[in-house]
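A.B. asks: Below: sequence and its predicted model.
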2 protein chains.
Amino acid sequence: MGGRSTGRVTIQHVAAHAGVGTMTVSRVVRNVGYVSEEVRTRVKAAMHELGYVPNELARGLRSRQSGTLALILSDITNPFFTTAARGAEDAASDAGYLTLLCNTDESEVEEARYLRLLAQKRVDGALLVPARSGVDSIAYARRHEVKIVVMDRSCAVPGVDVVRCDSESASQELGDLLYRLGHRRMAILTGAHGATTAEMRVAGFLRAMANRPDVAPIPVLYGEFTRESGLALTKQALSTPPRPTALFAANNFLSIGTVQQLRAMGLRVPEDVSVVGFDDLPEPLMMFPFLTVAVQPAYEMGRLAMERLLAQLGDDPPAPRETILPTPLVVRASTAPPP
Amino acid sequence: MGGRSTGRVTIQHVAAHAGVGTMTVSRVVRNVGYVSEEVRTRVKAAMHELGYVPNELARGLRSRQSGTLALILSDITNPFFTTAARGAEDAASDAGYLTLLCNTDESEVEEARYLRLLAQKRVDGALLVPARSGVDSIAYARRHEVKIVVMDRSCAVPGVDVVRCDSESASQELGDLLYRLGHRRMAILTGAHGATTAEMRVAGFLRAMANRPDVAPIPVLYGEFTRESGLALTKQALSTPPRPTALFAANNFLSIGTVQQLRAMGLRVPEDVSVVGFDDLPEPLMMFPFLTVAVQPAYEMGRLAMERLLAQLGDDPPAPRETILPTPLVVRASTAPPP
DNA sequence: TTGTACGCGTTATCAC
DNA sequence: GTGATAACGCGTACAA
């Protein structure tokens, strides 16, 4: 693979070397228009020999697109988002796009900062997991011709594509499950107020108890989607009588904290307290599959969302819609009838 | 915030709106050179009003840099790389850079493909986890003025920056540990031939047994760094007499497969077979901390590697060197004396 | 089928 | 202090 070029080989050098005009080289590079076979091979040889690499910056300047997409999520470290990111990157890569990674840590300020940077870079589009409502971000993106698909969370902005899992129904099913097992005193541990996933999971679980007068009032403890929050909220939930016989932890980190805290308090799961959670861990990470959970199809969500985004970038973009992915339950050892 | 602009506001529009030349606007935007306070405020007002966002593509075309870095790793889905990626992205973000994510799945073909794309995008630099030797990739990157820092793996190419963990010493310590516990029949399960981490861990472990004649010859089973490989290699290791009393699984996925397979075969860990592994899982992911492992400082590695890369991009780049991070052991419940 | 001139948005250079 | 002008490398329109 050719030449001792220093990366400053331009289309003109190639043209000169091949004894043709720049436009001919351009046509060969992009494989469009008519070029005689003879010239084509001559140009290709020159490209190879000089180690020519087309300059996407210049290309983008002309064509008003960068061939780059972005992934704006709260934290790649959460295995749910890790898997989703992989799905998204796979889809983008298949289409020849590169993907920028942005961690907002649920901060609207960071979200806005990244969006500004992305607009400067003229990215063609972004997958957005909005920290809060996302209205400002989406408005900003639209103003700057950055296509947006909202992922994982619902979004009140009209005319925006959304791909997410069915938090509400899945939570309701988790509630049903606990009820059928005989639980009547339960508590919900969830994320921050305002985070749509946190809210929807609460709503779904409560809906399961709506017409069941024998169920005690259900405390809803808001915190964060972290292990630490799981520890703290669990302590709190168990210290307020009547003591719950089952806990619903609305996220993977939360549920891990929950189980750890229960064990630290000398309580057995599920003999003393049942636990249901949200989000499964990827199979190769689970040494001891244990938790009864709602399994969000993270990879599919990421891939689908990116495919939607790519479609938006295409010639006739489909009408925006909300795509809600099925979110089945997996029943394991963390649930049992109340003691 | 400002204007109903459609993203096609250029520096010239701002200049016209403020009644100044484009150069003056450019100076204000970049905050360099001399501009009178009065004009400066006028320009800033115009920028705000028009919703001006500087075009990094055009900027990069002039300045020959893109403000973008890349992360080329095998699979973001591996929590070790996830955490490293977070460290790298944090460092890049702090410096005002955006980070592209590239998953090669240990394929040299994919690695080369991404590198070509990155060269087209004129990325300023990349963190590379080479699938194999990396010589071609590094040569290519150099030819195209993409700065490279090799991460996680060692690299024979001279003059290249490397940041990695101490696979060899840590593996030796794991070997020492098993020996001191009394194990004399052991086996090693590792990744693919040629992957430097796979090789180094084997070498380190074997070194621990070098001058110990009472230790039985140690089978080295090569496979992949996956759970499935862990299942298969474990089966194989236990089916060839003399049966080992301890296994060394050279990677997180491998060790999980190992434990699962042992349990499937009705063997208890550590009563029947001890297991030591490599890579810890992040704390918020471990419901049941169990495995004795060498803990690679993934976040620090990612951050440090990116900081090295940023330094390379600076004015006086430091001389390339190999940075080897300490990799301590954590002893947990998966190790015990042989039965 | 092939080549020429110009513009994409920005910045470096050099005058004013 | 400030502004005209010429690149940066490529693609579009048009001419040949």
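C.D. replies: Happy to help now that I have it. Numbers count the residues shown, from 1 in each chain, chains lettered A, B, ... in the order given.
A.B. asks: ranges for the strands of the stretch 151-300 of chain A?
C.D. replies: A:161-165, A:186-190, A:220-222, A:246-249, A:274-278, A:292-294 (DSSP state E, counting those that start in this stretch).
A.B. asks: Then the stretch 1-150 of chain A?
C.D. replies: A:68-73, A:98-103, A:125-128, A:147-151.
A.B. asks: Nearest to DNA strand C, out of those?
C.D. replies: strand A:68-73 (16.4 Å; C-beta to the nearest atom of the strand). (C-beta placed from N, C-alpha, C; glycine too.)
A.B. asks: pLDDT below threshold where in chain A?
C.D. replies: For chain A, the stretches with pLDDT under 70 are A:1-7.
A.B. asks: Show me what from it comes close to DNA strand D.
C.D. replies: A:8, A:10-12, A:22-23, A:26, A:29-30, A:52, A:54-55, A:58-59, A:61-63 (C-beta under 7 Å from any atom of the strand).
A.B. asks: of those residues, list those near DNA strand C.
C.D. replies: Applying C-beta under 7 Å from any atom of the strand to those, those adjacent to DNA strand C are A:22-23, A:58, A:61-62.
A.B. asks: any chance of those residues in TSV, plus distance to chain B?
C.D. replies: Shown next, in TSV, are those (distance: C-beta to the nearest C-beta, whole Å):
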residue	distance to chain B
A:22	16
A:23	19
A:58	5
A:61	5
A:62	9
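A.B. asks: Now distance to residue B:223 and neighbour count too, for those, in TSV please.
C.D. replies: TSV is the format used below for those (distance: C-beta to C-beta, whole Å; neighbours: other C-beta atoms under 10 Å in any protein chain shown):
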residue	distance to residue B:223	neighbour count
A:22	51	14
A:23	52	12
A:58	46	16
A:61	48	18
A:62	49	8
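A.B. asks: Pick the most deeply packed of the strands of the stretch 151-300 of chain A.
C.D. replies: strand A:246-249 (a mean of 30; mean count of other C-beta atoms under 10 Å in any protein chain shown).
A.B. asks: Which elements pack onto that one?
C.D. replies: Secondary-structure packing of strand A:246-249 (3 or more C-beta pairs under 8 Å, 6 or more residues apart in numbering or on different chains; DSSP states H and E): helix A:167-181, strand A:186-190, helix A:227-239, helix A:252-264, strand A:274-278.
A.B. asks: In its sheet, which strands sit next to it, and in what direction?
C.D. replies: Partners of strand A:246-249 in the sheet, by DSSP bridges, are strand A:186-190 (parallel), strand A:274-278 (parallel).
A.B. asks: Now do the helices in chain A.
C.D. replies: A:11-18, A:22-30, A:37-50, A:56-63, A:79-94, A:108-120, A:135-143, A:167-181, A:196-208, A:227-239, A:252-264, A:298-313 (DSSP state H).
A.B. asks: Figure out which of these is closest to residue B:67.
C.D. replies: When the helices of chain A are compared for distance to residue B:67 using C-beta to C-beta, the nearest one is helix A:108-120, at 8.2 Å.
A.B. asks: Can you get me a residue count around the residue lying closest to residue A:87 once chain neighbours are set aside?
C.D. replies: Spatial nearest neighbour of residue A:87, excluding adjacent residues (C-beta to C-beta, 6 or more residues apart in numbering or on different chains): residue A:302 at 3.0 Å. When neighbours are counted by other C-beta atoms under 10 Å in any protein chain shown, residue A:302 registers 29.
A.B. asks: From DNA strand C, how far off is residue A:302?
C.D. replies: From residue A:302 across to DNA strand C, the span is 32 Å (C-beta to the nearest atom of the strand, to the nearest Å).
A.B. asks: I figured that residue hits residue A:83, correct?
C.D. replies: Yes. Residue A:302 lies in contact with residue A:83 (C-beta atoms under 8 Å); the separation is 6.9 Å.
A.B. asks: how about the residues of the stretch 201-339 of chain A near DNA strand C?
C.D. replies: Counting by C-beta under 7 Å from any atom of the strand, no residue of the stretch 201-339 of chain A is near DNA strand C.
A.B. asks: Nearest to DNA strand D: which residue in the stretch 201-339 of chain A?
C.D. replies: residue A:315 (13.9 Å).
A.B. asks: who touches the nearest residue to residue A:89 once chain neighbours are set aside in this structure?
C.D. replies: Once flanking residues are discounted, residue A:89 sits nearest to residue A:99: 4.8 Å by C-beta to C-beta, 6+ apart. Residues in contact with residue A:99 (C-beta atoms under 8 Å, 6 or more residues apart in numbering or on different chains) are A:68-71, A:88-89, A:92-93, B:100-101.
A.B. asks: Likewise for residue A:27?
C.D. replies: By C-beta under 8 Å, 6+ apart, the neighbours of residue A:27 are A:33-35.
A.B. asks: and which of those residues is nearest residue A:132?
C.D. replies: Of the contacts of residue A:27, the one sitting nearest to residue A:132 (C-beta to C-beta) turns out to be residue A:33, at 48.5 Å.
A.B. asks: Measure how buried that closest one is and give me the count.
C.D. replies: 10.
A.B. asks: re earlier: got the contacts of residue A:99 as TSV, with neighbour count columns?
C.D. replies: Putting the contacts of residue A:99 into TSV (neighbours: other C-beta atoms under 10 Å in any protein chain shown) gives the following:
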residue	neighbour count
A:68	25
A:69	28
A:70	28
A:71	25
A:88	30
A:89	24
A:92	27
A:93	19
B:100	25
B:101	25
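A.B. asks: Please list which of those also come close to DNA strand C.
C.D. replies: Okay, of the contacts of residue A:99, nothing touches DNA strand C (C-beta under 7 Å from any atom of the strand).
A.B. asks: How many neighbouring residues does the residue in the stretch 101-250 of chain A positioned nearest to DNA strand D have?
C.D. replies: In the stretch 101-250 of chain A, the residue that lies nearest DNA strand D is residue A:122 (13.1 Å; C-beta to the nearest atom of the strand). Burial of residue A:122 is recorded as 23 neighbouring residues (other C-beta under 10 Å).
A.B. asks: so what's it up against?
C.D. replies: When contacts are counted by C-beta under 8 Å, 6+ apart, residue A:122 touches A:60, A:64-66, B:55-57.
A.B. asks: Apply 6 Å and report the result again.
C.D. replies: A:66, B:57 (C-beta atoms under 6 Å, 6 or more residues apart in numbering or on different chains).
A.B. asks: do the same with the one 5 residues further on
C.D. replies: Going by C-beta under 6 Å, 6+ apart, residue A:127 touches A:71, A:88, A:149, A:151, A:305.
A.B. asks: which two in those are spaced the farthest apart?
C.D. replies: Farthest pair in the contacts of residue A:127 (C-beta to C-beta) is A:71 and A:149. Separation: 10.5 Å.
A.B. asks: How many residues are close by the residue of the stretch 201-339 of chain A closest to DNA strand D?
C.D. replies: Neighbours around residue A:315, by other C-beta under 10 Å: 5.
A.B. asks: who in chain A is up against chain B?
C.D. replies: Contact residues, chain A versus chain B (C-beta under 6 Å from any C-beta of the partner chain): A:7, A:53-54, A:56-58, A:60-61, A:76-77, A:82, A:86, A:89, A:98-101, A:103, A:117, A:119-122, A:144-145, A:227, A:253, A:256, A:259, A:284, A:287-288.
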